[in-house]
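Asks: no sequence for this one, just the structure:
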């Protein structure tokens, strides 16, 4: 039951909430022991704040839930590959696993040869098509 | 009067506040038209939040002051070279200028070949000795 697809679907629902608010539709959840401890979607326009990416909010929220700043034994599910800023935050958090929906070849951290924490496992391509399609649809609607 | 040293001294005072709170002593200010519009120091321990670096707080705070998310015509003065996370946030902010006290060869963004926004001017080495010494003193006191 608790597959990567199961939790990515929840992250995708967060992306849909962002879309409805006219935000670039990216969402994520943080899971610990098969329990969702944080969920967030991009709010950069709503909050007028470039740092309000889904991942940043979720890292802060999960640490608050856990009562400690390190996200050990936690997994982040995020619909789009994290940017430089978010990858840096994930590295500091020492999170155990990061599961990515769609790649972001241009803005994502992977092509910039950045690493997360040495202990962090990275998985890509979960619900890739849906996670990519919603972002494309958003930018098409903006033209 | 409004030299880089003038504003770096204010950033350094923020670093001193962090030191008093047993935080890694890094501080910064954001300046617009020779006016300080945001000041912050590292609060990762106090807030239990790896994202609570001085720069991240100052970017959010300055955008809040300006009523817009882009820090055009703003300068960030920071005592230590920004990390990957903070450099990513600064890139998104399109800030006009970043003035750095001491370099951070290991954790800083420069040696990782990351760029800020193409329009952002970067200056290093302002009050370098003091900005470096306070961090070294902090970690010496921890041993």
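Replies: Cool, the structure landed. Since we're looking at a predicted model, the values are computed, not measured. Numbers count the residues shown, from 1 in each chain, chains lettered A, B, ... in the order given.

Asks: Can you point out the buried residues in stretch A:64-84?
Replies: Residues A:65-66, A:69-71, A:74-84 are the ones in stretch A:64-84 that count as buried (16 or more other C-beta atoms under 10 Å in any protein chain shown). In short, each C-beta sits where N, CA and C put it, glycine included.

Asks: swap that for stretch A:115-129, sorry
Replies: For stretch A:115-129, a neighbour-count test (16+ other C-beta under 10 Å) marks A:116, A:120, A:122, A:126-127 as buried.

Asks: May I see those organised as JSON lines, with secondary structure, pLDDT and distance to residue B:21 added?
Replies: Formatted as JSON lines, the buried residues of stretch A:115-129 follow (DSSP: H, G, I helix; E, B strand; the rest coil; pLDDT from 0 to 100; distance: C-beta to C-beta, whole Å):
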{"residue": "A:116", "secondary structure": "coil", "pLDDT": "97", "distance to residue B:21": "28"}
{"residue": "A:120", "secondary structure": "coil", "pLDDT": "98", "distance to residue B:21": "29"}
{"residue": "A:122", "secondary structure": "strand", "pLDDT": "98", "distance to residue B:21": "34"}
{"residue": "A:126", "secondary structure": "coil", "pLDDT": "98", "distance to residue B:21": "41"}
{"residue": "A:127", "secondary structure": "coil", "pLDDT": "98", "distance to residue B:21": "43"}
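
Asks: Can you lay out those residues as CSV showing distance to residue B:101?
Replies: Converted to CSV, the buried residues of stretch A:115-129 look like this (distance: C-beta to C-beta, whole Å):
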residue, distance to residue B:101
A:116, 27
A:120, 30
A:122, 34
A:126, 42
A:127, 44
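
Asks: Out of the buried residues of stretch A:64-84, name the ones that lie in helices.
Replies: Of the buried residues of stretch A:64-84, the ones assigned to helices by DSSP state H are A:65-66, A:84.

Asks: hey, which helix is longest across chain A?
Replies: Max-length helix for chain A by DSSP H is helix A:4-20.

Asks: Need the residues that contact stretch A:6-25.
Replies: For stretch A:6-25, contacts defined as C-beta atoms under 8 Å, 6 or more residues apart in numbering or on different chains pick out A:26-29, A:31, A:36, A:39-46, A:54, A:75, A:77-79, A:99, A:101, A:126-127, A:130-131, A:134-135, A:137-138.
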